[in-house]
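Engineer: need a structure here:
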Amino acid sequence: MESNSKKILIVEDDDSLAGIYEVRLSNESYSLNRVNNGEDALAAAIDFQPDLILLDIMMPKVSGFDVLDILKNTPETAAIKIVMLTAMGQESDKKRAMELGADDYLVKSQVLIVDVLDRIKKQLQ
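Structural biologist: Down below sits the predicted model:
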């Protein structure tokens, strides 16, 4: 099986959900790192240098919107693909995320894990 060297950072404070994504993404041979709050996400983005970040919005310490804004305005992290994966389904939330530089926006209740994997693959092509 061909090794996939792409690195993904999962930023999610729901352990069970994050665990599901960790299993599925590691099965796809991605190299993974996971943090459960926005503050750690900022540090991990620099240390781990992921190709893509799966980013929740509602989290302890620093919100996903703030993490997104900071990452897209920091030269070392500006090129990282960021896919928002959130419970926030309002059009205004999606618009805000896209304006801040998100590459994709998925609402947890509206997508299956296979959809998320497809969107990740598209972003990493």
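Engineer: What residues sit buried inside stretch 118-125?
Structural biologist: Of the residues in stretch 118-125, those buried under the neighbour-count criterion (16 or more other Cβ atoms under 10 Å) are 119-120, 123. The C-beta positions use only the backbone N, C-alpha and C, and glycine is treated the same way.
Engineer: do stretch 40-48 as well
Structural biologist: For stretch 40-48, burial by neighbour count (16+ other Cβ under 10 Å) applies to 40-42, 44-45, 48.
Engineer: In helices, which of those fall?
Structural biologist: Secondary structure assignment by DSSP state H places 40-42, 44-45, 48 of the buried residues of stretch 40-48 in helices.
Engineer: now Leu106: how far from Gly38?
Structural biologist: Computed as Cβ to Cβ, to the nearest Å, the Leu106 to Gly38 distance reads 18 Å.
Engineer: between the two, who's got more neighbours?
Structural biologist: The residue with the greater number of neighbours, taking Leu106 and Gly38 and applying other Cβ atoms under 10 Å, is Gly38; the counts read 24 against 19.
Engineer: Surely that one and Met58 touch.
Structural biologist: No. Under the criterion of Cβ atoms under 8 Å, Gly38 makes no contact with Met58, lying 9.9 Å away.
Engineer: All good on my end, thank you.
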